[in-house]
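# return atomic coordinates for the entry below.
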Amino acid sequence: MFSSWGSSSGMQESWRSLCKAYMESVAEFLRQDLCILRFIETFSESAPQLALMLTIILDKCRLDPVTVLKAIGSTLSIASFLTTYNHSMRTFLPEKEKHHMISLVFYFIWNLVLISSRIAALALFASVLPCFIFAHFICSWLVLFFFAWRSKTNFMDDPRGEWLYRTTVGLIWYFNWFSVAKGMRIRSVLYHAYILIDICILCVIYYTFFHPNLDKDKLKGATITEEQPEDEERSHSVPTRPLKATDNKRMRKLAENFFC
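Numbering: from 1, shown residues only. Below is the predicted model of the structure:
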């Protein structure tokens, strides 16, 4: 009687252990899939929202402290997620599982610089040419989608899913690099060169044609005509006109240095 009860109890304990191990493996599998979905969500929702937020700030020329803190927090969040994603991917490669803290910090700074510079350039361009930013996105996405197709990805189980995946990769590449196949080092260098050139073009267009600018000579000429002679100023104890912003010599000097 006791032996049968003991064997039954042992079978129940073994069954519980087996079920627990199975549930843990399923949870780990789902967690990995969730990480991929989170990656897609970051660059299909969070990054565009951050770019839109910065565009609104630049368009209204109002630095609301709350909005600025939200923008900074979103940028840090995206960079942090990319760092944790890189760390989690190493669990699938035992030979690369060890990751020093210094390398994690360096990778975080690297992602922070790339994301912030890319989104800032897009926001500057969109604040002055909101219609052309859509044309820029479509043209860039077509080029990036072509390279995703040429990379011969093999991620999904069916062809339709694979095409959807390549479409998503093109969207992710619009904001940041994402390795999708083996032997992508050369393409990574080409990608970052392409993004750097694109950022420079967007910033050059903004600062060349749309950034507020004022000729230094005109600024000096406008302020000199409005100034009174020194003797006349001393002879009048009461000002003859209301003070203007250009009467502030220190601020005028800063303006001349800024627009030189």
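
# for the rest of this, base every contact and every neighbour count on C-alpha atoms.
Noted.

# avg pLDDT for the helix or strand where L190 lies?
Here L190 is covered by helix 185-209, with elements defined by DSSP states H and E. Averaging pLDDT along helix 185-209 gives 91.

# which of the residues in that helix are buried?
191, 195, 198-199, 202-203, 206 (16 or more other Cα atoms under 10 Å).

# now stretch 168-179
168-177.

# what would those look like in CSV with pLDDT, secondary structure and distance to Y85?
Below are the buried residues of stretch 168-179 laid out as CSV (pLDDT from 0 to 100; DSSP: H, G, I helix; E, B strand; the rest coil; distance: Cα to Cα, whole Å):
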residue, pLDDT, secondary structure, distance to Y85
T168, 92, helix, 17
V169, 91, helix, 16
G170, 92, helix, 19
L171, 93, helix, 18
I172, 92, helix, 14
W173, 94, helix, 16
Y174, 95, coil, 18
F175, 94, coil, 16
N176, 92, coil, 13
W177, 90, coil, 13
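
# could you dump the residues you listed into CSV with distance to S80 added?
Output for the buried residues of stretch 168-179, formatted as CSV (distance: Cα to Cα, whole Å):
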residue, distance to S80
T168, 21
V169, 20
G170, 22
L171, 20
I172, 16
W173, 18
Y174, 19
F175, 15
N176, 14
W177, 15
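
# nearest to R118, of those residues?
Nearest to R118, judged by Cα to Cα, of these is F175 at 6.6 Å.

# just to revisit the earlier point, elements contacting the helix holding L190?
With contacts taken as 3 or more Cα pairs under 8 Å, 6 or more residues apart in numbering; DSSP states H and E, helix 185-209 sits against helix 101-128.

# try 10 Å this time
helix 101-128, helix 132-150, helix 159-173 (3 or more Cα pairs under 10 Å, 6 or more residues apart in numbering; DSSP states H and E).

# for F210, find the nearest of these.
helix 101-128 (7.0 Å).

# now the angle from the closest one to helix 185-209?
40 degrees (axes from the mean of the first three to the mean of the last three Cα atoms, to 10 degrees).

# much appreciated, bye for now.
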